[in-house]
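**Q** the following comprises the amino acid sequence and a computationally predicted model.
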Amino acid sequence: MSDVAYLKSLLGVHPDFPKKGITFLDIFPILRDPVAFETLITHLIHHIITANSEAGRPEVIVGLDARGFLLGPIIAMRLGCAFVPVRKGGKLPGAVEVVKYQKEYGTDEFEIQAGAIQDGQRCIVIDDLIATGGSAHAAGELIKKSGGKTLEYVFIVGLPFLKGHEKLDAKSYWMIEAED
Ligand SMILES: O=P(O)(O)OC[C@H]1O[C@H](OP(=O)(O)OP(=O)(O)O)[C@H](O)[C@@H]1O
Ligand SMILES: Nc1ncnc2[nH]cnc12
């Protein structure tokens, strides 16, 4: 079995969570298996380095609240990048940029600290999963407002049948493709 097939086999599948009609894909079983978690991080690092070699070295890894925080800081440290969190509304101190957005099962608000990204910095957005793309698109808007440039959006899992990637202003990559 390939590494990606193995990681896919570990995903938890929860029909009708958190709402009827949503099939929730749970990444936590991967994190419970240290070899699988290491494999996941190595795969994502290898992808980010090779896919962005011509755009220039990424400088900032932007992780999305909450599950993007489990991946982002590890990847940032290994790549020698800054880690910047995008948090749900009202959680970050100091001046913030704000964007409201729609996601697969509701509406929400994302914030980033003003000054966390410098003008022209090359950013990679990291999250566990892309569904409708509302969250990732909102993060891209915050990066733009901050003066940064998004090189790529990177996810563990994608639900391509929801076409979320079509909303994004840069290329997107997901290592596991979920079926409808
Ligand atoms: O592509 P979308 O339709 O926007 O959905 C994807 C987002 O939804 C989930 O987060 P959620 O907002 O549920 O927050 P959590 O990580 O705090 O559970 C997931 O971790 C993504 O961030
Ligand atoms: N189907 C899904 N599974 C896990 N997280 C999600 N976030 C949005 N949709 C999701």
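**A** Structure received. Ligands and ions are numbered 1, 2, ... in the order given.

**Q** going forward, measure contacts and count neighbours with C-alpha atoms only.
**A** Noted.

**Q** packing partners of the lengthiest helix in the chain?
**A** Assignment by DSSP state H gives helix 34-51 as the longest helix of the chain. Helix 34-51 sits against helix 3-10, helix 28-31, helix 72-79, with contacts defined as 3 or more Cα pairs under 8 Å, 6 or more residues apart in numbering; DSSP states H and E.

**Q** so which of these is nearest Phe17?
**A** The minimum distance between Phe17 and the helices and strands packed on helix 34-51 falls on helix 28-31, with 15.1 Å, by Cα to Cα.

**Q** got the confidence number for Leu159?
**A** Predicted confidence (pLDDT) for Leu159: 97.

**Q** need the contact list for it.
**A** 129-132, 177-180 (Cα atoms under 8 Å, 6 or more residues apart in numbering).

**Q** go with 6 Å
**A** By Cα atoms under 6 Å, 6 or more residues apart in numbering, Leu159 lies in contact with 131, 178.

**Q** let me know the secondary structure of the nearest residue in space to Tyr173 that is not next to it in sequence.
**A** Excluding its sequence neighbours, the residue lying closest to Tyr173 (Cα to Cα, 6 or more residues apart in numbering) is Val154, at 4.9 Å. What DSSP: H, G, I helix; E, B strand; the rest coil gives for Val154 is strand.

**Q** for the closest residue to ligand 2 within the chain, which non-adjacent residue is closest in space?
**A** Ligand 2 sits closest to Phe24 of the chain, with a gap of 3.4 Å, by Cα to the nearest ligand atom. Among residues not flanking Phe24 along the chain, His14 sits closest, at 4.9 Å (Cα to Cα, 6+ apart).

**Q** do the same with Lys144
**A** Thr150 (7.9 Å).

**Q** re the thing from before, for the helix or strand encompassing the residue nearest to Phe24, which helices and strands make contact with it?
**A** Secondary structure assignment for His14, by DSSP states H and E: strand 12-15. Strand 12-15 makes packing contacts with strand 23-26 when contacts are defined by 3 or more Cα pairs under 6 Å, 6 or more residues apart in numbering; DSSP states H and E.
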